[in-house]
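Student: requesting a structural model of the entry that follows:
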Amino acid sequence: MSVTQSAVSSKKRIQKKSQTRQAMAQPISPRQQHTPRSKKKKPTVGGSVQTPKRMRVKVKKVPKMVASAPQTVGQRVSRYRDTLIILSLAVLLGLFFFRFGTHRVDGRSMAPTFQTNNRILFNKHQLPVRYAIVTFIPADAPDDSYVKRVIGLPGDPLLVDGTALYLLPKETGQELPVIEELSSLPDGTIKLTVSEGVAQSLTNLTEIPPDQYFVLGDNRNHSTDSRAFGLIRQDQIEGVVVSRYYPIGGLEGQINERK
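Tutor: Presented below is the predicted three-dimensional model:
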């Protein structure tokens, strides 16, 4: 190697070292220091690049199906028996309310037999007999219900003299005399004082018409009954009272007694 070539090579090495020192001495910008290496993104079908999002998937827990044990013969019989009992009770309740009804007594017209707040049970399909207690709907108050005792039945002879009414039970087999002979009345004749309107409605009758009844309250001095509103019709009657279910006891057969 010649002296000239050696000098040139030494000069080049000195220039490279100088460039390297300058590069090392040059400050690095914050962006260059903290910029991470970008990852390659996979292109989508359309050509654009999308960053996949992390998705949360809720998974429902499916309850485990536990196979029930087969029923034994005794269990099936017990189940059928319970079902039969329930159906029987439902039928009995339906029949009961079809045949019977209930009322709460309000007032003193039937004292001492019934008092206010007594609960009574009546049979809807029983025909009234003499001295039976009935519940009925008055003609002038269709939203109310009265409870009275039957005194006069269809076919009973009757006679009106002014506001005096004479009733004779047909079971006696006798007849009422004419007005001029009222001094000698047959045994069992019932004499009542009625209103003028009732007297006028009964004047032309000789007996109680079919399907009509004469009723009175047991407490005669505090009762609005047939003496005030006249005879009642069969279709007004709700039923015949058969029992007082509250309070229990204490009637001692008074329901069908003569009053």
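Student: pull the longest strand from the protein.
Tutor: strand 237-246 (DSSP state E).
Student: mind listing residues that contact that strand?
Tutor: With Cβ atoms under 8 Å, 6 or more residues apart in numbering as the test, strand 237-246 has contacts from 100-102, 114, 118-129, 132-137, 145, 147, 213, 250-251, 255. All C-beta spots, glycine's among them, are computed from the backbone N, C-alpha and C.
Student: try 6 Å this time
Tutor: Contact partners of strand 237-246, identified using Cβ atoms under 6 Å, 6 or more residues apart in numbering, comprise 101, 118-124, 126, 128, 132-136, 251.
Student: partner strands of it, parallel or antiparallel?
Tutor: Strand 237-246 has the following strand partners under DSSP bridges: strand 119-123 (antiparallel), strand 133-136 (antiparallel).
Student: mean neighbour count, mean pLDDT and distance to Ser243 added to those, as CSV?
Tutor: Converted to CSV, the strands paired with strand 237-246 look like this (neighbours: other Cβ atoms under 10 Å; pLDDT from 0 to 100; distance: least, Cβ to Cβ, whole Å):
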stretch, mean neighbour count, mean pLDDT, distance to Ser243
strand 119-123, 18, 95, 5
strand 133-136, 23, 97, 10
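Student: make TSV out of the ones you listed and add distance to Asn204.
Tutor: Listed next are those as TSV, based on distance: least, Cβ to Cβ, whole Å:
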stretch	distance to Asn204
strand 119-123	33
strand 133-136	24
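Student: circling back: please identify the buried residues of the longest strand of the chain?
Tutor: Neighbour-count burial for strand 237-246 flags Ile237, Glu238, Gly239, Val240, Val241, Val242, Arg244 (criterion: 16 or more other Cβ atoms under 10 Å).
Student: now stretch 87-97: mean pLDDT?
Tutor: What stretch 87-97 shows for mean pLDDT is 83.
Student: do the same with stretch 178-194
Tutor: For stretch 178-194, the per-residue pLDDT averages 89.
Student: that one: end-to-end distance?
Tutor: End-to-end distance for stretch 178-194, by Cα to Cα, to the nearest Å: 19 Å.
Student: please enumerate the helices of this structure.
Tutor: Using DSSP state H, the helices of the chain run over 3-25, 30-34, 73-99, 196-202, 226-229.
Student: lowest-confidence helix or strand of the protein?
Tutor: Least confident helix or strand, the chain: helix 30-34 with a mean of 50, by mean pLDDT, DSSP states H and E.
Student: quick one on the thing from earlier: wait, which of the buried residues of strand 237-246 is closest to Thr83?
Tutor: Lowest distance from Thr83 to those (Cβ to Cβ) belongs to Val242, with 32.2 Å.
Student: and the gap between that closest one and Leu176?
Tutor: Using Cβ to Cβ, to the nearest Å, one gets 33 Å for the distance from Val242 to Leu176.
Student: can you check Gly197 too?
Tutor: Computed as Cβ to Cβ, the Gly197 to Leu176 distance reads 22 Å.
Student: check Gly155 too.
Tutor: To Leu176, Gly155 is 13 Å away according to Cβ to Cβ.
Student: ok, the two, which is more surrounded?
Tutor: Neighbours around Gly155 and Leu176, counted as other Cβ atoms under 10 Å, are more numerous at Leu176. The numbers are 19 against 13.
Student: tell me, how many residues neighbour Pro138?
Tutor: Pro138 sits with 16 neighbouring residues when counted by other Cβ under 10 Å.
Student: give me phi/psi at it?
Tutor: Taking degrees, to the nearest 10, you get phi -70, psi 150 for the backbone angles of Pro138.
Student: any idea of the pLDDT on it?
Tutor: For Pro138, the model assigns a pLDDT of 95.
Student: show me what the residue lying closest to it once chain neighbours are set aside is bridged to.
Tutor: Nearest non-adjacent residue to Pro138, counting by Cβ to Cβ, 6 or more residues apart in numbering: Tyr146, 5.6 Å away. Note on Tyr146: beta-bridge partners Phe136, judged by DSSP bridges.
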